[in-house]
Structure formats: structure tokens, C-alpha cells
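Here you go, sequence then predicted model.
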Amino acid sequence: MRLRYVDADPRSVVTPMLAVGVTEGADPASGLLADLDATLAGAVRRAFAAGDMRGKSGDETVLYGAEDGPARVVLLGMGKADKVDAEGVRRFAGRAVRTAERLRLDAVAIALDSVDDLAREAVAQAAAEGAGLAAWRFSELKAEDADDPTVAVRSADLVGSADPDGYSRGSLVGAAIARGANLARTLQARPGNVATPTHLADEAVRMAGSVGLEATVLDEERMRAEGMLALLSVSRGSEEEARFIILEHRGGAEGDAPLVLVGKGLTFDAGGISLKPASGMEEMKYDMSGGAAVIGAMQAIGELGLRVNVVGLVPSSENLPDGRATKPGDVIGSLAGKTIEVINTDAEGRLILADALTWGSRLNPAAMVDCATLTGSVVIALGHHAAAVLGNDEELVAELRAAGEVSGERCWQLPLWDEYSKQLDSPTADLQNVGGRPGGSITAAAFLKEFVGESKWAHLDIAGTAWGEGKLPYQRKGALGFPTRLLVEWVRSRAG
Ligand code: BES
Ligand code: MN
Ligand code: ZN
């Protein structure tokens, strides 16, 4: 969709629909509401007087205007004014797009001035994110979509004049973040037979070319030469070749330690020889969600030209059973030189991440963050409303938690005490790849910790948040792009 900021009085924009946020207790006789009321011959005040519009979240009133301004003015309730935060604005903008779809309109304008309790720049950013995310659809594999009577919204104008500079900066940032998250969602949504490791690598290279990043892709032969034996052990059962994707953004001074983002790019997880049950296995096409988020975040980082060096790493493989596949009990090597007893071939994410984290740690990063659909057990711990964050540096964990609040992609810390690492002791090798059921998300992180060297590092377990029902106004069922926004906000906070 085309997303842009327009410095104008909302009353004067010629658009099929103008969305205006209304908070509880808002006075229709003042500010933007009064202005609109005047051009709509008292219709705003009548909607309030009738009790149809009380500003409660979910309230929606459609008013019809004149030809030289908005053809429709849609009032959308936002709830209590002191509770409206960036997430409230994201949802408001998402609802604006959903309402336009339902009314079969392909363009919408969104009034920014209606929210004045937040910084203007943050309002515009959140509105751009909400509108951009809401407009995303995944229809490339349907010949036609007869069940969907809505129309695709192709343009959203963010309108306001209270702070043109802040509004235009925020709009650009929010639009880039939404585009990054939407790229991640498209890659997530593609099925395993389309989004293979080679496909992810090709898409990453194409994206890098379009925003000016450096891209390098290692094939299996090169990985073998490097000694990435843990990653290759996962790929053994697959006909599709593994790939290791490296994306570089040089926005900081040469020689400045980079931030490293690592994302699990497992394009289909059948479990390997430790085969998963058939029911629901199709969802394991989403096991590359971490890699997709890193690719999406790198696009936004490149587009925004953030003044910091960032390296994105995506180890990508399938995990399938086969006569050549790694078997339970096998002992494998790793880039770090440690030997690993593979007790369960379904704990493969930590194996491909181990080599990627070793690679990242050798870049001497200022900080390294990985994200991965790593454990079913994180869904038991936190449900679908937060990712788990664990790490070896409390400051970094705090930064990620803060970026989660700002972006609306929240994470919650689990402990990573040394005691948990005992569960990974192996009688045969340096360590084993599973630690039993107790604390499954924690022992997975404890495994990763063995491969980060001296780096400041944190891990996000996104198994409960990367895809889902998509009940928020700016989401759809399926791919959610989580944690693209969180990663970009964290890098933005580091770039100053
Ligand atoms: N990709 C899965 C984790 C997963 C499960 C993500 C469900 C989303 C939903 C991962 O590779 C896996 O299979 N983990 C195992 C680890 C176990 C064998 C220690 C799990 O969580 O069951
Ligand atoms: Mn698995
Ligand atoms: Zn997996």
C-alpha cells in the first residue's frame, strides 16, 4: 500500500473516508470534532447526543460528508484518553483500514491530530504501522478469492497539521517498520515447498540489493569447509540444501562493533527421525519465523539508514526424516568445536542456532540477539501474548523488554541460572541437545548460551507469538511478523 503523511486540515482532504479517533468523554463541541461537526451540519454532535458514539473502544459511527472534503467521516472509539498509547493508535489505524475494506474503499485517510496525549512523532509512527500492517494480505497462491468480499486498501494518507516535522518523521519510520514486518509475514506465510532455504536466501539477496545491504550466502560445501557441523547435521535428512545467510548494514563507523541479529530459518520442521505427530504439523512451515523477522528487520534498518553497524544471520534448513538423517544418539560436531549428543532430532533449532551464534560471536558484537520458534514449552509458560527473553546480560534483557513495550511486541524474562545447564550434561559428548521436560524453554536457552562465547547475548523464544489467530485489528490469522518491530525498535534505541 502507499502510505504517506499529508500536511493538511483533515476537513479539506478529498478522500472516500476519513477515520477520526474519539476518546471517552471527548467534547464534540471542541477541536477537530467541532470542526468536522461544522462541515457535516451537526452530524457529529447528533451522533454523540444519540449515544451512538461514546468513545468506547469498538464504537463506530459512519457519517456522510460533502464532495469537497471527506466523503465519509468514520468516528472510531479509542477508549479512555489516559489509556491511549502507541498500541491504541496502531489498533485505531488498523480499524480504519478494516472499515475501509468492508465499505469497499481502496483509499483511506487517518486523522492524526485526534490523539494528543502522546508525542506527535510516536502517533504518526504507530498509525503508519497499524495501517501498513492491516493492509497486508497473502493472496499470491490463490487463483481467485471468492470468499473475501472486501477490497484491498491501496492507499492510506496520514493527515494532520499539529506537528508536520514530527508527523512526517514518524510516518517514514512506521511505514518502513510495517514494510519490514510485512516482508517477514509474506516469507512466513509461504509454504515449505515454496519457502525453502534457497528461496529464503534468494529473497534476502534481492531485499539487500533493494535497500543497499551487503549479502553473502554460504552453501553446504562452504559450510562444511567452515566446520558448521551442527547446522549440516540437521540438513542431512533433506534433499533441499541448507543455506547460511549473512546480511550487513554498515550504518556506523568502520570498525565499530556491530549489533548481531540471528533468526532461526527452519523452513519445515517435521522433527526428523524423532518425527512429530501428523496433527498440526503443517504449522511447522512457520519454523522459519525468526529468520523471516531478521530479514524483515534488516530491510527496515537499511531503509531507515540507522547509524549503527548491524549484521543479520539466518541459518536455514529443513528438518526431515530420511535414511541419511541424523539419528537419536548420534554425536555431532559444531563450529565452536564442541561435540553434541543428539538425544532428540526434533530439538534442531538450537543446533542450527549454535553454529550461527558461534559465527556471530566471532564478529565481536556489541550485543547479539537471536529469535527462534524454539520450544513448545514457551507457549505453556507465557501463552500467546509475550515472547520469552533470556540472556547473559541483564542490561540487554532490559533493553529488549523496553523495545517490546514500545513496539507492542512484548517479551517477558525467564531465568537462566547455571543450575539449568546441568540438565544438558551428556555421558558421551560435551553436551546433549535436550534437557528433559522441566523448564524446556530455559534449558533450550542454556544450550544456546554455550555457543555465544564472551558476547553479550539474549534470546527470544517466539514459538507462541510468531503466528496465531491474529485477532487484533492490524493482524490477520496466520503470520504475524513477530518480532520484526521489536528488533527494529531495539536497534533504533541503540542507534541513538
Ligand atoms: N519448532 C519446534 C518448536 C515449536 C513447537 C514451535 C510448537 C512452535 C510450536 C522445535 O524445533 C521443537 O520441536 N522443539 C521441541 C523440543 C523438545 C524436543 C526438547 C519441543 O518444543 O517439543
Ligand atoms: Mn523441532
Ligand atoms: Zn523447530
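Nice, I can see it. Ligands and ions are numbered 1, 2, ... in the order given.

The helix or strand hosting residue 122: how far from the chain's middle?
Element membership for residue 122 (DSSP states H and E) is helix 120-135. Computed by CA atoms, centre = their mean, to the nearest Å, the chain-centroid distance of helix 120-135 equals 14 Å.

One more: stretch 443-451?
The chain centre lies 23 Å from the centre of stretch 443-451; the measure is CA atoms, centre = their mean.

Which residue ranges make up the domains of the chain?
Following automatic domain parsing, one finds the domains of the chain at 2-154, 178-495.

Report all helices and strands that the helix holding residue 122 contacts.
In terms of contacts (3 or more CB pairs under 8 Å, 6 or more residues apart in numbering; DSSP states H and E), helix 120-135 is packed against strand 2-7, helix 86-102, strand 107-111, strand 155-160, helix 164-189. (Each C-beta comes from the backbone N, C-alpha and C, glycine too.)

at 6 Å instead, please
Using 3 or more CB pairs under 6 Å, 6 or more residues apart in numbering; DSSP states H and E, the elements in contact with helix 120-135 are helix 86-102, strand 155-160, helix 164-189.

got CSV for these, with distance to residue 34 too?
Compiled in CSV, those are given as follows (distance: least, CB to CB, whole Å):
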stretch, distance to residue 34
helix 86-102, 20
strand 155-160, 16
helix 164-189, 21
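
Adding mean pLDDT, distance to residue 386 and mean neighbour count as columns, could you present these in JSON lines?
Below are the helices and strands packed on helix 120-135 laid out as JSON lines (pLDDT from 0 to 100; distance: least, CB to CB, whole Å; neighbours: other CB atoms under 10 Å):
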{"stretch": "helix 86-102", "mean pLDDT": "98", "distance to residue 386": "13", "mean neighbour count": "24"}
{"stretch": "strand 155-160", "mean pLDDT": "98", "distance to residue 386": "29", "mean neighbour count": "24"}
{"stretch": "helix 164-189", "mean pLDDT": "98", "distance to residue 386": "17", "mean neighbour count": "24"}
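
thinking again about what came up before, deepest of the domains of the chain, which one?
Among the domains of the chain, the stretch with the highest mean neighbour count (mean count of other CB atoms under 10 Å) is domain 178-495, at a mean of 21.

so how far is that domain off the chain centroid?
With CA atoms, centre = their mean, you get 13 Å for domain 178-495.

now check that domain, is it near ligand 1?
Yes - using CB under 6 Å from any ligand atom, domain 178-495 reaches ligand 1 at 269, 287, 344, 346-349, 373-377, 434, 440, 463.

how near is the closest residue to residue 119 other than its chain neighbours to residue 177?
Sequence neighbours aside, residue 166 is the residue nearest to residue 119 in space, at 7.1 Å (criterion: CB to CB, 6 or more residues apart in numbering). Per CB to CB, to the nearest Å, residue 166 is found 16 Å from residue 177.

Retrieve the pLDDT associated with the closest residue to ligand 2 within the stretch 101-250 of the chain.
Proximity of the stretch 101-250 of the chain to ligand 2 (CB to the ion) peaks at residue 234, 9.2 Å away. pLDDT for residue 234: 99.

Quick check: it is in a strand.
No - using DSSP: H, G, I helix; E, B strand; the rest coil, the assignment for residue 234 is helix, not a strand.

Could you verify my assumption that it touches residue 350?
No - judged on CB atoms under 6 Å, residue 234 makes no contact with residue 350 at a distance of 9.9 Å.

How is residue 275 assigned, secondary-structure-wise?
Classified using three-state DSSP, residue 275 is coil.

In contact with whichever residue of the stretch 51-200 of the chain sits closest to ligand 1, which residues?
Distances between the stretch 51-200 of the chain and ligand 1 by CB to the nearest ligand atom are smallest at residue 188, namely 12.2 Å. Counting by CB atoms under 6 Å, 6 or more residues apart in numbering, residue 188 makes contact with 286, 289, 292, 479.

got a list of contacts for stretch 253-269?
Residues from elsewhere that reach stretch 253-269 (CB under 6 Å, 6+ apart): 192, 195-197, 200, 284-285, 287-288, 290-291, 293-294, 309-316, 318-319, 349, 353, 356, 360, 363-372, 487, 491, 494.

and these, which of them are in strands?
With strands taken from DSSP state E, the overlap with the contacts of stretch 253-269 comprises 309-316, 318-319, 367-372.

closest to ligand 3 among those residues?
Closest to ligand 3, out of all of the ones in strands among the contacts of stretch 253-269 and judged by CB to the ion, is residue 319, at 6.3 Å.

contacting residues around the closest one?
234, 266, 269, 272, 348.

Is ligand 3 within reach of stretch 464-477?
No - Stretch 464-477 does not reach ligand 3 (CB under 5 Å from the ion); its nearest approach is 11.3 Å.

so how far is the first residue of that stretch from its last?
Using CA to CA, to the nearest Å, the gap from the first to the last residue of stretch 464-477 comes to 14 Å.

which residues are in contact with that stretch?
Contacts to stretch 464-477, defined as CB under 6 Å, 6+ apart, come from residues 90-91, 94-95, 98, 130, 133-134, 286, 289, 373, 378-379, 382, 384, 387, 478-480, 482.
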